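Undergrad: any chance you could fold what I've pasted below:
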Amino acid sequence: MLDRQAAELGVEISKYYMIGDNPKGDIAGSNLMGWESVLVETGIYKPGQELEGLEKPKHHVYGMSDALQLILKNI
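TA: Below is the predicted model of the structure:
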């Protein structure tokens, strides 16, 4: 859906980011899609929790502000 909408608008998307606090839902889903998964330490995730497999994020930051800075550095 995102690719279709981007094409309709004439926008090229080179990389998708998923920011979330739920390793089993947000991060695993992002990794399954091949997106850049960004785990924030808010909500469901508890700092120090061991993450493996699809639940292991590509990026791990403290909060949303840090996630935004990470994405802006990689544009």
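Undergrad: contacts and neighbour counts: CA atoms only from here.
TA: Will do.
Undergrad: the protein: strands as residue ranges?
TA: With DSSP state E applied, the chain shows strands at 17-20, 36-40, 59-61, listed in chain order.
Undergrad: any residues touching the first one, and which ones?
TA: Taking contacts as Cα atoms under 8 Å, 6 or more residues apart in numbering, the residues outside strand 17-20 that touch it are D26, I27, S30, W35, E36, S37, V38, L39, V40, M64, A67, I71.
Undergrad: now those residues in CSV, with neighbour count, pLDDT and distance to I19?
TA: Listed next are these as CSV, based on neighbours: other Cα atoms under 10 Å; pLDDT from 0 to 100; distance: Cα to Cα, whole Å:
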residue, neighbour count, pLDDT, distance to I19
D26, 18, 97, 7
I27, 26, 98, 8
S30, 23, 97, 9
W35, 15, 96, 10
E36, 18, 97, 9
S37, 27, 98, 6
V38, 30, 98, 5
L39, 26, 98, 6
V40, 25, 97, 7
M64, 17, 96, 8
A67, 20, 98, 7
I71, 14, 96, 10
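Undergrad: just these now: which is nearest K58?
TA: S37 (5.3 Å; Cα to Cα).
Undergrad: relative to G53, how far out is the closest one?
TA: Remark: distance between S37 and G53 (Cα to Cα, to the nearest Å) = 13 Å.
Undergrad: please name the bridge partners of the closest residue to M64 other than its chain neighbours.
TA: Nearest residue to M64 in three dimensions, chain neighbours excluded: V40, at 6.7 Å (Cα to Cα, 6 or more residues apart in numbering). V40 has these beta-bridge partners by DSSP bridges: V61.
Undergrad: thinking V40 is in contact with G63, fair?
TA: Yes: assessed by Cα atoms under 8 Å, V40 is found in contact with G63 at 5.0 Å.
Undergrad: which helix in this structure has the most residues?
TA: For the chain, the helix that runs over the most residues, judged by DSSP state H, is helix 64-73.
Undergrad: buried residues in it?
TA: M64, A67 (16 or more other Cα atoms under 10 Å).
Undergrad: stretch 12-20 now?
TA: M18, I19, G20.
Undergrad: I'd like those as CSV, with pLDDT and distance to Q5 appended.
TA: Below are these laid out as CSV (pLDDT from 0 to 100; distance: Cα to Cα, whole Å):
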residue, pLDDT, distance to Q5
M18, 97, 18
I19, 98, 20
G20, 97, 23
